[in-house]
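In: Here's a sequence, model it:
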Amino acid sequence: MRHSLYILLTVSAILISSIVAWSQNISLYSLTTNEGLSHIKVNDVYTDEHGMIWAGTDYGLNRYDGHSVEVFLNDKENPHSIPHNRITRITGDGNGHIWAVCSLGLVELDLKSCRFKN
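Out: Numbering: from 1, shown residues only. Purely as a prediction, here's the structure:
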(Lines give C-alpha, C1' and ligand atoms only; values in the text may rest on other atoms or scores of the structure.)
Protein backbone atom coordinates (compact mmCIF):
# COMPACT_ATOMS: atom_id res chain seq x y z
CA MET A 1 0.00 0.00 0.00
CA ARG A 2 2.73 2.42 0.97
CA HIS A 3 4.72 1.59 -2.19
CA SER A 4 1.62 2.17 -4.38
CA LEU A 5 1.01 5.56 -2.76
CA TYR A 6 4.62 6.56 -3.39
CA ILE A 7 4.33 5.59 -7.07
CA LEU A 8 1.02 7.44 -7.41
CA LEU A 9 2.48 10.63 -5.88
CA THR A 10 5.59 10.43 -8.07
CA VAL A 11 3.60 9.97 -11.27
CA SER A 12 1.24 12.79 -10.25
CA ALA A 13 4.17 15.13 -9.64
CA ILE A 14 5.67 14.31 -13.04
CA LEU A 15 2.35 14.89 -14.80
CA ILE A 16 1.73 18.21 -13.03
CA SER A 17 5.23 19.49 -13.81
CA SER A 18 4.78 18.49 -17.46
CA ILE A 19 1.47 20.36 -17.69
CA VAL A 20 3.01 23.46 -16.09
CA ALA A 21 5.98 23.34 -18.47
CA TRP A 22 3.70 23.00 -21.51
CA SER A 23 1.50 25.90 -20.41
CA GLN A 24 4.38 28.40 -20.37
CA ASN A 25 4.92 30.40 -23.52
CA ILE A 26 8.61 30.58 -24.22
CA SER A 27 9.79 32.73 -27.08
CA LEU A 28 13.34 33.12 -28.25
CA TYR A 29 14.66 36.02 -30.24
CA SER A 30 18.01 36.22 -31.93
CA LEU A 31 19.77 39.53 -32.10
CA THR A 32 22.16 39.97 -35.03
CA THR A 33 24.06 42.72 -36.76
CA ASN A 34 20.93 43.26 -38.88
CA GLU A 35 19.15 44.48 -35.72
CA GLY A 36 22.06 46.72 -34.70
CA LEU A 37 24.46 44.46 -32.82
CA SER A 38 27.94 45.88 -33.40
CA HIS A 39 29.70 42.57 -34.11
CA ILE A 40 28.68 38.98 -34.80
CA LYS A 41 31.00 37.60 -32.08
CA VAL A 42 29.49 38.07 -28.62
CA ASN A 43 31.97 37.36 -25.82
CA ASP A 44 29.70 37.86 -22.81
CA VAL A 45 26.10 38.77 -21.93
CA TYR A 46 24.71 40.39 -18.78
CA THR A 47 21.20 41.52 -17.76
CA ASP A 48 21.20 44.53 -15.45
CA GLU A 49 18.77 45.47 -12.67
CA HIS A 50 16.56 47.38 -15.17
CA GLY A 51 16.21 44.41 -17.52
CA MET A 52 18.62 45.79 -20.11
CA ILE A 53 20.66 43.16 -21.91
CA TRP A 54 24.33 43.99 -22.33
CA ALA A 55 26.50 42.21 -24.89
CA GLY A 56 30.28 42.54 -25.00
CA THR A 57 31.59 41.96 -28.51
CA ASP A 58 34.87 42.20 -30.37
CA TYR A 59 33.69 45.64 -31.53
CA GLY A 60 31.92 47.43 -28.71
CA LEU A 61 29.61 47.19 -25.74
CA ASN A 62 25.96 46.81 -26.77
CA ARG A 63 22.84 47.60 -24.73
CA TYR A 64 19.53 46.10 -25.84
CA ASP A 65 16.29 47.40 -24.31
CA GLY A 66 13.96 44.96 -26.05
CA HIS A 67 13.45 47.27 -29.02
CA SER A 68 16.76 48.67 -30.17
CA VAL A 69 20.50 48.36 -29.66
CA GLU A 70 22.74 51.17 -28.43
CA VAL A 71 26.43 50.63 -29.10
CA PHE A 72 29.19 52.09 -26.95
CA LEU A 73 32.48 52.51 -28.83
CA ASN A 74 35.79 54.18 -28.13
CA ASP A 75 35.86 57.84 -29.14
CA LYS A 76 39.35 59.30 -28.91
CA GLU A 77 37.84 62.80 -28.60
CA ASN A 78 35.74 61.81 -25.57
CA PRO A 79 37.67 60.96 -22.37
CA HIS A 80 34.49 59.42 -20.89
CA SER A 81 33.97 56.90 -23.71
CA ILE A 82 34.91 53.26 -23.41
CA PRO A 83 38.73 52.98 -23.63
CA HIS A 84 38.79 50.02 -26.03
CA ASN A 85 36.21 48.33 -28.25
CA ARG A 86 36.97 44.65 -27.55
CA ILE A 87 34.85 43.59 -24.55
CA THR A 88 35.49 40.14 -23.09
CA ARG A 89 33.46 40.12 -19.83
CA ILE A 90 30.53 42.08 -18.35
CA THR A 91 28.90 42.21 -14.93
CA GLY A 92 27.12 44.74 -12.75
CA ASP A 93 26.82 45.63 -9.10
CA GLY A 94 23.03 46.09 -9.05
CA ASN A 95 23.52 49.73 -8.02
CA GLY A 96 23.74 51.46 -11.37
CA HIS A 97 27.19 50.37 -12.48
CA ILE A 98 28.26 48.04 -15.25
CA TRP A 99 31.75 46.58 -15.11
CA ALA A 100 33.42 45.40 -18.30
CA VAL A 101 36.78 43.88 -19.09
CA CYS A 102 38.23 45.27 -22.28
CA SER A 103 41.62 44.82 -23.92
CA LEU A 104 43.03 47.64 -21.77
CA GLY A 105 41.70 46.34 -18.44
CA LEU A 106 38.65 46.84 -16.21
CA VAL A 107 36.28 49.72 -16.95
CA GLU A 108 33.21 50.97 -15.08
CA LEU A 109 30.11 52.48 -16.70
CA ASP A 110 27.94 54.70 -14.51
CA LEU A 111 24.41 54.16 -15.83
CA LYS A 112 23.15 57.55 -14.61
CA SER A 113 25.80 59.64 -16.34
CA CYS A 114 26.63 57.15 -19.14
CA ARG A 115 30.32 57.83 -18.48
CA PHE A 116 33.08 55.29 -18.41
CA LYS A 117 35.87 55.27 -15.82
CA ASN A 118 39.04 53.18 -15.84
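In: Report the beta-bridge partners for the spatially most central residue of the chain.
Out: Centroid check for the chain by Cα atoms, centre = their mean gives Tyr46 as the closest residue, at 2.9 Å. When assigned by DSSP bridges, Tyr46 has beta-bridge partners Trp54.
In: ok, it touching Asp93?
Out: No. Using Cβ atoms under 8 Å, Tyr46 is not in contact with Asp93, being 11.2 Å away. Yep, even glycine has a C-beta here, placed from its N, CA and C like the rest.
In: wouldn't Thr88 be in contact with Val42 here?
Out: No. Counting by Cβ under 8 Å, Thr88 does not reach Val42; the two are 10.7 Å apart.
In: and for the two, which residues touch both?
Out: In terms of Cβ atoms under 8 Å, 6 or more residues apart in numbering, Thr88 and Val42 are both contacted by the residues Gly56.
In: Give me the phi and psi for the residue lying closest to Leu61 once chain neighbours are set aside.
Out: Excluding the flanking residues, the one nearest Leu61 by Cβ to Cβ, 6 or more residues apart in numbering is Phe72, at 4.3 Å. In terms of degrees, to the nearest 10, the main-chain angles of Phe72 are phi -110, psi 120.
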